[in-house]
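**Student:** How does the following fold in three dimensions:
(one chain, ligands or ions: 1)
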Amino acid sequence: MPGQTTATGTMRVFPQMEALITGLADWLLERSLAKSGSTPFRLALSGGSSPQHLYALMASAPYVERFPWRNMQFFIGDDRFVPHDHADSNFGMMQRLLFSKAPIPAANIFPMPDRGPAEEAAKTYERTLKNLYGAENFTPERPFFDVQLLGVGTDGHTASLFPGQPVLDNHKDWVATCVPPAAPHTRLTLTYPAIHASQHVVFLVEGAAKHDILARIRAQDPACPASAITAQGELIWFTDRAAAPSDQ
Ligand SMILES: O=C(O)[C@H](O)[C@@H](O)[C@H](O)[C@H](O)COP(=O)(O)O
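**Tutor:** Below you'll find the model as predicted:
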């Protein structure tokens, strides 16, 4: 693909969590304010614990007064297929930390469905994305997401693209289900094709526990699903010193 960036990407290392989250909030603010053209700034958010400090920071001063909320749309990269008020819901976490705190129009927030058969919920979300995109097939010159925010698990998963799962071989759909091993819930997740329909991909990885998996992914270890992530434009790792390779 023209201009595609592989998972090696660019590494930005910050001394510790607070500086890391502030650096990422500043980067997102700059990108959202710079957005031009007829479509809003489309941001796909990650679940898990790492981004929670980011979402809380975005919803607090000075960021809450500076983001162009009315020109931003928010999507979910993956979620547990549970009711939005369930303790394990990524959307529920985002609702508590960001969506209920910042002046974001409700019409700009696109949660994954939390009811009905999971397969149908995946198709419904895919339909939502493709209706907004305005085409059934993706063209690399016209990415759907401006920024895809991702985390990584210590097994090398990202979003709900887990090692050994059939979803890794789904290169047709934009949203699919996944039943991770030893996980309590079925997941809905963006697939590789959907994630690759992003202008920029940002991995937020912090803490010593992620040091080894980060090194494996940046070495393109094929056993790590995150190794296969690409972006149409930039792919950037926002990390702290504890997670970053020692040569960074
Ligand atoms: O739904 C999820 O949990 C995320 O999408 C998942 O991919 C997460 O980003 C990683 O598991 C890292 O999670 P932590 O940030 O909690 O380590």
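**Student:** Any buried residues in the longest helix anywhere in the chain, and which?
**Tutor:** In the chain, assigned by DSSP state H, the helix with the most residues is helix 17-34. Neighbour counts over helix 17-34 (16 or more other C-beta atoms under 10 Å) mark 20, 21, 24, 25, 27, 28, 29, 31, 32 as buried. Heads up, the C-betas are built off the backbone N, CA and C, glycines and all.
**Student:** ok, now which ones touch the fifth one?
**Tutor:** Translated: residue 27. Applying C-beta atoms under 8 Å, 6 or more residues apart in numbering, we find residue 27 in contact with 202, 236, 238.
**Student:** try 10 Å
**Tutor:** 12, 147, 200, 202, 236, 238 (C-beta atoms under 10 Å, 6 or more residues apart in numbering).
**Student:** now these in TSV, with secondary structure?
**Tutor:** Compiled in TSV, the contacts of residue 27 are given as follows (DSSP: H, G, I helix; E, B strand; the rest coil):
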residue	secondary structure
12	strand
147	strand
200	strand
202	strand
236	strand
238	strand
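**Student:** Cross-check those against the ligand and keep the overlap.
**Tutor:** Restricting these to those touching the ligand (C-beta under 6 Å from any ligand atom) yields no residues.
**Student:** Pick out the most distant pair among these.
**Tutor:** Longest distance between any two of the contacts of residue 27 is 14.3 Å, between 12 and 147; criterion C-beta to C-beta.
**Student:** The two: who's more crowded?
**Tutor:** residue 147 (24 against 16; other C-beta atoms under 10 Å).
**Student:** burial of the closest residue in space to residue 83 that isn't next to it in sequence, as a residue count?
**Tutor:** Nearest non-adjacent residue to residue 83, counting by C-beta to C-beta, 6 or more residues apart in numbering: residue 114, 5.1 Å away. By the measure other C-beta under 10 Å, the count of residues near residue 114 is 18.
**Student:** my read: residue 114 touches residue 121, true?
**Tutor:** Yes: using C-beta atoms under 10 Å, residue 114 is in contact with residue 121, at 7.4 Å.
**Student:** intersection of neighbour lists for these two?
**Tutor:** What both residue 114 and residue 121 touch, as defined by C-beta under 10 Å, 6+ apart, is the set 79, 81, 188.
**Student:** Please identify which of these is nearest to the ligand.
**Tutor:** Using C-beta to the nearest ligand atom, residue 79 comes nearest to the ligand of those, at 6.7 Å.
**Student:** I'd assumed that closest one was in a strand, is it?
**Tutor:** Yes: with three-state DSSP as the criterion, residue 79 is part of a strand.
**Student:** In contact with the most centrally placed residue in the chain, which residues are there?
**Tutor:** The residue lying closest to the centre of the chain (C-alpha atoms, centre = their mean) is residue 149, at 3.1 Å. Residue 149 makes contact with 24, 28, 43-47, 50-51, 54-55, 75, 77, 198, 200-204, 238 under the criterion C-beta under 10 Å, 6+ apart.
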